[in-house]
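>>> after the sequence you'll find the predicted model.
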Amino acid sequence: MKKLKRLISLLLALVLVCLSAVTAFAEDTDDELEQKLWELYNLNLEMFYAFGIGQDYYNPPIPGAEDPNWLETVDSESAEETCWEALCMYLTYEEGKTLYDGEINLETATLLCDKMREELRNIVIDRVEVEELVAICEKENNDNGYYDEELWNDFQSELAQAKELLADESIVDRRVNTAFYELMYQYNLLCTYNTVRHDVNNDGKMTIMDATYIQRFLVQLETMNTSQLYILGILYKHNSVSIHEATWIQRYCAKLADPLDTYFYVDRFLNVLDKTNPNSQTFSSDSIKYNIIYYGVKMF
């Protein structure tokens, strides 16, 4: 009888161990599924902020606000369908929506993630986007040797290659993407060249001379490049430099004004700069959103 009791106790212990293992496995699987669905949603965000496909469910556009500078694509119908499927799966599982009628598990979510990545790899940017970027870059200047010579030469080289691609109208494949993002990265390097706020004369510090430079610019005695606009905190090209920037510098130098918040300017951009490099492991298709001058509004 004692042996039978010990055997029953042993069997019960084994059952409890198995049940614990199953429960732990289920919890691990649920965590993995949650992570995979969040990954799926972020792929949707990448598609949205790069090409305007999909949506940002948690941060919807403000009614009446101007659309960002989304990139036009050659054919996005397949990507749009996949993105909608991904959103339906995510919102059905996470928000209790009734949009996805298929099975939602780690396997199906993983397959859909792979499909989204494939869509991102295959999407082709329209040549018009390279044309617009080239037009922006051709207006850039290096007056008085503001930029480092090597950086400026690299920028000019990338600009020349983009123009060479545009000269061949038969190129309508992923080479357009490469030309766009390579030139965009060089443009971003110019934007983040100077990290000293309001140092428009590029002497390494903000002084009253920077206010004088702005005043001279306003009467067309000086020019400004992208780096200077960035360190002034000019969010978009359509927001022109005004006397207010010079006045603030004067007040700050006289200790009559507090420092300005720099979160949305050069320091923030530097933290994500590697994501704009098409040759980086962290590159993201929607990295254009980090350049507030470029992405803010359509310029053409």
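It's in.

>>> which residues touch stretch 254-262?
Surrounding stretch 254-262, the residues in contact under the criterion CB atoms under 8 Å, 6 or more residues apart in numbering are 197, 233, 248, 251-252, 268. For glycine as for every other residue, the C-beta is placed from the backbone atoms N, C-alpha and C.

>>> nearest to Glu94, of those?
Proximity of these to Glu94, judged by CB to CB, is greatest for Arg268, which lies at 28.4 Å.

>>> can you pull out the low-pLDDT segments for the chain?
1-29, 64, 235-239, 261-264, 297-300 (pLDDT under 70).

>>> the helices in it, which residues?
If you assign secondary structure with DSSP state H, the helices in the chain sit at 2-51, 77-95, 106-122, 127-138, 149-167, 174-191, 208-218, 226-232, 243-253, 266-272, 292-295.

>>> pick the most buried one from these.
The highest average neighbour count among these, using mean count of other CB atoms under 10 Å, belongs to helix 226-232 at a mean of 23.

>>> who are the packing partners of that helix?
For helix 226-232, the elements it packs on are helix 174-191, helix 266-272, helix 292-295, judged by 3 or more CB pairs under 8 Å, 6 or more residues apart in numbering; DSSP states H and E.

>>> export those as JSON lines, with columns for distance to Gln35.
Formatted as JSON lines, those follow (distance: least, CB to CB, whole Å):
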{"stretch": "helix 174-191", "distance to Gln35": "28"}
{"stretch": "helix 266-272", "distance to Gln35": "22"}
{"stretch": "helix 292-295", "distance to Gln35": "29"}
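
>>> looking at those, which is nearest to Tyr147?
Taking CB to CB as the criterion, helix 174-191 is the member of those that comes nearest to Tyr147, at 6.4 Å.

>>> what is the orientation angle of the closest one with helix 127-138?
What separates the directions of helix 174-191 and helix 127-138 is an angle of 30 degrees, with axes from the mean of the first three to the mean of the last three CA atoms, to 10 degrees.

>>> angle of helix 174-191 against helix 106-122?
With the same axes, to 10 degrees defining the directions, helix 174-191 sits at 80 degrees from helix 106-122.

>>> still on that earlier bit, which one of the helices of the chain lies closest to Trp70?
Among the helices of the chain, helix 2-51 sits nearest to Trp70 (CB to CB), with 5.7 Å.
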